[in-house]
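Trainee: predicted structure and sequence below. I'll ask about it afterward.
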2 protein chains.
Amino acid sequence: MRRLAWSVLTTTQPTTGTEPDLAALASLLADRTRASFCTALLDGRAWTAGELARHAGVAPSTASEHLTALVGAGLLAEVRQGRHRYVRLASRETAELIEAMSAAAPKAAPPRGLKAVHRSNALARGRTCYDHLAGALGVAVAEAVTERGWIDWEDGPSLTAGGRTGLAGLGVQIPARTRRPLVRSCLDWTERRPHVAGAVGAALCSRALEAGWLVRLGGTGGGRAVRVTAEGRAVLAGTLGVPDEVLESAGA
Amino acid sequence: MRRLAWSVLTTTQPTTGTEPDLAALASLLADRTRASFCTALLDGRAWTAGELARHAGVAPSTASEHLTALVGAGLLAEVRQGRHRYVRLASRETAELIEAMSAAAPKAAPPRGLKAVHRSNALARGRTCYDHLAGALGVAVAEAVTERGWIDWEDGPSLTAGGRTGLAGLGVQIPARTRRPLVRSCLDWTERRPHVAGAVGAALCSRALEAGWLVRLGGTGGGRAVRVTAEGRAVLAGTLGVPDEVLESAGA
DNA sequence: CGCATGTTTCGGCCGCCGCCGAAGCGTCCC
DNA sequence: GGGACGCTTCGGCGGCGGCCGAAACATGCG
């Protein structure tokens, strides 16, 4: 049993009623360039201003102004290092917000150009979603652990006792004593089906990267697509029972 | 134990990679008028085009165009009835998205005008957040049920066995066999502390309104502020242990 | 020190978009 | 039928905001 982190005794006096400026927040993301920055940063890493500018196809000066706006609003956090300006998403909450908006957003026109199509397909097959797995791979993993009885979806997703031991057997460290939900359902924007987020989703993903079951694709600015390695394929098919078709297309 | 609603056997072939158009969605909410429509509709009811126009202080023609855009994008659902055009939020997911964005949004300048200040203060004291309670009242209820041991926040919020019986004693019908999380934490934008959403939050709120513990304030276009009645005060203080100060200021 | 590189500031241009009022259409009610 | 009312369409106006290039500034490196 655990109490709320905030004491009941702390102030309950009504805040002076300033309502949230929804339009101001939305304006920040309402621009193709700024939105593409945020989407790119969903890989959880820090990018330099120049990388983001090239990624979005705008002049460095333009990117600089956009970044100032996003950092000023608290959506991004920045670290200046030498002549570089590194930015990343400010918090996991910010990442979750962008994820949630992406799932609700309409689909853009299909990408043009061979490179763009390749990248887009790679993203659809398997990617990280800030700190957990998404794409066909993420959905397949979610379904596999459900089949295994590790996660129960009755009344919202929850980790079963079997799931705890199963994950432990894979070397996945499940954090305890956190206010973060262990399992959170996250709607996948390629598959329109849920994948596993929350503390467990994050732990599983970080374990998979650390153990070399997955590797990130693409060089600088490559983004968040991942590929399943041979060892990963053995583990995911064997222990989790992820279907071979998915692993095959998400491999190599 | 319950399976995912979508069969593992259904297609896992990668969707042709069309990425979500985050900017398009955000653009819809990036306008003060459209944002105020959505915020107003967070009360969960259907408003007419004219009501929304007056609420936002724009001409009917302007409102009409905005509504067409919001409905076209699938954010709002509309029902035409005689010479009226009723609109409401399209789904609970949409409401949750707007909630989540409101919590992340910067605070607007304090309202001007006596009426606006009053309304704003009423919202801060107690309001509905689509289908559950929010504001100082919502936060106090969340803390009270936590004190009672009805909700446990370890590893994410969950309903305890004691909570089930306690809520049943209040006549709150907890839905079973749903994929919706029973308890979801929702950050309150006035209090910056969590209140209770999810199936349980919704059931509690609807029970409170149905039993007359709470009543909605304000006439047409009044919005989502609620007031605690005398009976409500007895129940909330007695059974739930909500502090008197909160009930007092949220009453009358 | 001098050059390359990454970033920022500033002016100016252009397009988009939100606004209104006028006019028109459909519905309701007397 | 006639008038009131709610909503929509259209044209036109005005402002905001994103874009770039040029120039300046900062850093790192030889």
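Mentor: Great, that's in hand.

Trainee: which residues touch the spatially closest residue to A:Asp21 that is not a sequence neighbour?
Mentor: With sequence-adjacent residues excluded and distances taken as Cβ to Cβ, 6 or more residues apart in numbering or on different chains, A:Asp21 is closest to B:Ala108, at 3.9 Å. C-betas here are computed from N, CA, C, even on glycine. B:Ala108 sits next to A:18-21, A:24 when contact means Cβ atoms under 8 Å, 6 or more residues apart in numbering or on different chains.

Trainee: 10 Å - rerun?
Mentor: Each residue near B:Ala108 by Cβ atoms under 10 Å, 6 or more residues apart in numbering or on different chains is listed here: A:18-24, B:32.

Trainee: same thing with A:Gly198?
Mentor: A:131-132, A:157-159, A:178, A:180-186, A:204, B:155-156.

Trainee: and which of those residues is nearest DNA strand C?
Mentor: A:Asp131 (24.2 Å; Cβ to the nearest atom of the strand).

Trainee: next, count neighbours for the closest one.
Mentor: 20 (other Cβ atoms under 10 Å in any protein chain shown).

Trainee: just checking, it touches A:Ala95?
Mentor: Yes: the pair A:Asp131 and A:Ala95 passes the contact test of Cβ atoms under 10 Å, sitting 7.5 Å apart.

Trainee: give me the common contacts of the two.
Mentor: Common neighbours of A:Asp131 and A:Ala95 (Cβ under 10 Å, 6+ apart) are A:42-44, A:197.

Trainee: list just the nearest of these to chain B.
Mentor: Nearest to chain B out of those is A:Leu42 (Cβ to the nearest Cβ; 10.1 Å).

Trainee: give me the buried entries from the contacts of A:Gly198.
Mentor: If you count burial by 16 or more other Cβ atoms under 10 Å in any protein chain shown, the buried members of those come out as A:131-132, A:157-159, A:181-186, A:204, B:155-156.

Trainee: farthest pair within the residues you listed?
Mentor: Distance extremes for the buried ones among the contacts of A:Gly198: the farthest pair is A:Asp131 and A:Ser158 at 19.3 Å, using Cβ to Cβ.

Trainee: so which elements touch the lowest-mean-pLDDT helix or strand in chain A?
Mentor: Every helix and strand of chain A was ranked by mean pLDDT, DSSP states H and E. The lowest is helix A:114-125, at a mean of 86. On a contact count with 3 or more Cβ pairs under 10 Å, 6 or more residues apart in numbering or on different chains; DSSP states H and E, helix A:114-125 meets helix A:135-147, strand A:226-228, helix A:244-249.

Trainee: ok so, going back, narrow the contacts of A:Gly198 to those in strands?
Mentor: A:132, A:158-159, A:184-186 (DSSP state E).

Trainee: quick one: low-confidence ranges for the stretch 151-252 of chain A?
Mentor: Low-confidence segments of the stretch 151-252 of chain A (pLDDT under 70): A:219-223, A:252.

Trainee: wait, A:Pro194 touches A:Glu143, no?
Mentor: Yes: using Cβ under 10 Å, A:Pro194 is in contact with A:Glu143, at 9.3 Å.

Trainee: which residues does the most centrally placed residue in chain A contact?
Mentor: Centroid-nearest residue in chain A: A:Cys129, 1.8 Å away (criterion: Cα atoms, centre = their mean). Contacts of A:Cys129 were listed using Cβ under 10 Å, 6+ apart, and they are A:42-44, A:95-96, A:98-99, A:102-103, A:135, A:138, A:186, A:188-189, A:195, A:197, A:201-202, A:205, A:224.

Trainee: any idea how far it is from B:Arg112?
Mentor: Distance of A:Cys129 to B:Arg112, given as Cβ to Cβ, to the nearest Å: 42 Å.

Trainee: ok, now A:Thr146?
Mentor: In terms of Cβ to Cβ, A:Thr146 sits 53 Å off from B:Arg112.

Trainee: buried sites along the strand or helix carrying A:Arg80?
Mentor: Here A:Arg80 sits within strand A:76-81, counting by DSSP states H and E. Residues A:76, A:78 are the ones in strand A:76-81 that count as buried (16+ other Cβ under 10 Å).
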